[in-house]
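> predicted model, plus sequence, below.
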Amino acid sequence: MNSLVLQNITKIYPNGVNALKGVSLELGNGMFGLLGPNGAGKSTLMRTIAALQSPNEGRIFFNGTDTIRNPQFMRNKLGYLPQEFGVYPKISAQDLLNHIAVLKGILNNTERRKQVEGLLNQTNLYAHRKKAVSSFSGGMRQRFGIALALLGNPQLIIVDEPTAGLDPEERNRFHNLLSEIGEQIIVILSTHIVEDVSDLCPQMAILNDGEIVCRDSPKTLMKQMQGKVWRKTIRKELLNQYESSHLLISSKLVMGERIIHVYANEKPGEDFYPVSVQLEDVYFHTLKLQSIRKEEVAC
Ligand SMILES: Nc1ncnc2c1ncn2[C@@H]1O[C@H](COP(=O)(O)OP(=O)(O)OP(=O)(O)O)[C@@H](O)[C@H]1O
């Protein structure tokens with residue numbers, strides 16, 4: 001069993017942005033979802049875990065080794081699929097994988113060929129192995145990114161915003177791929193897409209404004225809110241009114257109708273109906289409570 005322990009990670013960029021404010025987390029094998037809005041600090045945290053940048057304070061242990069003091073230990077064990085890959089060279093998928101495998105220290109030809117072919121198969125790219133990665137679709141690039149990340153049998157995989165921009169079919173394929181690899185090692189999935197976490201991750205945390213504001217299993221979090229989320233269809237001009245009189249956690253258009261979800265211990269009024277709680281309710285409720293707390297502190 002692998003273990004990743006973060007203790008009190010703080011990151012302040014040179015421009016003064018305090019992107020992480022004392023983040024502590026403990027993870028074991030399996031898929032872990034790190035959910036948070038844009039700017040919450042997810043990529044900063046992923047880059048810090050990946051030993052691509054140092055925190056100002058705090059410690060990180062992977063399988064007992066301090067990886068801030070010994071970043072190479074982490075780099076040898078890590079597969080990282082960053083949010084943006086930059087520009088791919090115009091060489092074939094197979095050649096690029098082969099090249100990176102050499103850089104990762106897989107020098108034995110037979111072993112390298114076996115890994116490269118295995119990964120092209122696993123990511124469903126074998127038929128496209130001779131094509132340039134620069135000609136791949138978004139979904140194929142993401143799967144190729146996973147193949148790159150898996151070279152060298154890493155013990156920890158970090159995927160940062162992997163499904164943004166993928167169509168539903170590619171997203172599904174990508175999910176299947178991730179869940180296949182997620183059992184024997186630690187996989188951290190950093191995303192602002194709630195469904196990615198609810199579909200894939202038995203454990204999760206919400207990061208908001210540089211702080212972990214909740215950490216549990218999606219199941220437990222949803223269960224805690226069961227019976228306390230209510231739905232109502234309203235006229236759109238009444239939205240502000242409901243916002244000031246209820247703890248409104250979300251409002252969206254469904255087939256042209258404005259549907260609101262509110263949090264309340266008891267039925268909050270006429271025409272409200274109980275909702276089968278989804279992770280999205282947990283997420284928006286958590287963010288809403290945070291913003292209320294911040295407003296109270298500011299007053
Ligand atoms: N290199 C940097 N220098 C200065 N500030 C930065 C740098 N990288 C990120 N930030 C700032 O740190 C905060 C957290 O950014 P980060 O990219 O980690 O968040 P995120 O949750 O990954 O968001 P997104 O999903 O939009 O990428 C933001 O305010 C961002 O502007």
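Perfect, thanks for sending it.
> C-alpha only now, for contacts and for neighbours.
OK.
> in stretch 50-61, what counts as buried?
Residues of stretch 50-61 classed as buried by neighbour count (16 or more other CA atoms under 10 Å): 50-51, 54-55, 58-61.
> do stretch 225-238 as well
Result for stretch 225-238 [16+ other CA under 10 Å]: buried residues 225-233.
> now for the buried residues of stretch 50-61, which pair is the farthest apart?
Greatest spatial distance among the buried residues of stretch 50-61 (CA to CA): 50 and 58, at 14.5 Å.
> now do stretch 169-189: distance to the chain's middle.
How far stretch 169-189 lies from its chain's middle: 11 Å, per CA atoms, centre = their mean, to the nearest Å.
> separation between residue 68 and the ligand?
Distance, residue 68 to the ligand, by CA to the nearest ligand atom, to the nearest Å: 18 Å.
> go on, residue 293?
Using CA to the nearest ligand atom, residue 293 is found at 20 Å from the ligand.
> now do the SS call for that residue.
Following DSSP: H, G, I helix; E, B strand; the rest coil, we place residue 293 in the helix state.
> tally of neighbours for it?
Using other CA atoms under 10 Å, residue 293 has 11 neighbouring residues.
> then residue 266?
Neighbour count of residue 266, defined by other CA under 10 Å: 11.
> spatially nearest residue to residue 229 (excluding sequence neighbours)?
Nearest residue to residue 229 in three dimensions, chain neighbours excluded: residue 263, at 4.7 Å (CA to CA, 6 or more residues apart in numbering).
> next one: the one you found from residue 94, what distance?
Residue 263 is 52 Å from residue 94, where distance means CA to CA, to the nearest Å.
> how many residues are close by residue 39?
Residue 39 is flanked by 13 other residues according to other CA under 10 Å.
> returning to that earlier point: tabulate the buried residues of stretch 225-238 (CSV), appending pLDDT.
Listed next are the buried residues of stretch 225-238 as CSV, based on pLDDT from 0 to 100:
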residue, pLDDT
225, 95
226, 96
227, 95
228, 96
229, 97
230, 97
231, 96
232, 95
233, 94
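> can you put these in TSV and add distance to residue 138 and secondary structure?
As requested, the buried residues of stretch 225-238 are exported to TSV (distance: CA to CA, whole Å; DSSP: H, G, I helix; E, B strand; the rest coil):
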residue	distance to residue 138	secondary structure
225	36	helix
226	37	coil
227	40	coil
228	39	coil
229	37	strand
230	38	strand
231	36	strand
232	38	strand
233	37	strand
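> tabulate those (TSV), appending distance to residue 258.
Conversion of these to TSV gives the following (distance: CA to CA, whole Å):
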residue	distance to residue 258
225	22
226	22
227	21
228	20
229	16
230	14
231	10
232	8
233	6
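> among those residues, which one sits closest to the ligand?
Minimum distance to the ligand across these is 25.1 Å, recorded for residue 225 (CA to the nearest ligand atom).
> contacts only, for the closest one.
Listed by CA atoms under 8 Å, 6 or more residues apart in numbering, the contact partners of residue 225 are 277, 282.
> separation between it and residue 198?
In this view, residue 225 and residue 198 are 15 Å apart by CA to CA.
> then residue 38?
18 Å.
> compare these two (neighbour count), which wins?
The neighbour comparison of residue 38 against residue 198 (other CA under 10 Å) goes to residue 198, with 18 against 12.
> would you say the more buried one is within a strand?
No: with three-state DSSP as the criterion, residue 198 is located in helix rather than a strand.
> so it touches residue 220, yeah?
No: assessed by CA atoms under 8 Å, residue 198 is found out of contact with residue 220, at 11.9 Å.
> show me where the stretch 51-200 of the chain has strands.
For the stretch 51-200 of the chain, applying DSSP state E, counting those that start in this stretch gives strands covering 57-62, 65-66, 78-81, 156-160, 186-191.
> where does this structure dip in pLDDT?
Scanning the chain for pLDDT under 70 picks out the ranges 84-88.
> who in it is up against the ligand?
Taking CA under 6 Å from any ligand atom as the test, the list of the chain residues beside the ligand reads 13, 15, 17, 19, 37-44.
> switch to 8 Å and redo it
Contacts of the chain with the ligand, taken as CA under 8 Å from any ligand atom, map to 13-20, 36-45, 83, 160-161, 191-192, 207-210.
> filter these to the buried ones?
19-20, 36-37, 40-45, 83, 160-161, 191-192, 207-210.
> inside helices: which ones of those?
42-45 (DSSP state H).
> I'd assumed residue 260 was in contact with residue 274.
No: using CA under 8 Å, residue 274 is not in contact with residue 260; the gap is 11.7 Å.
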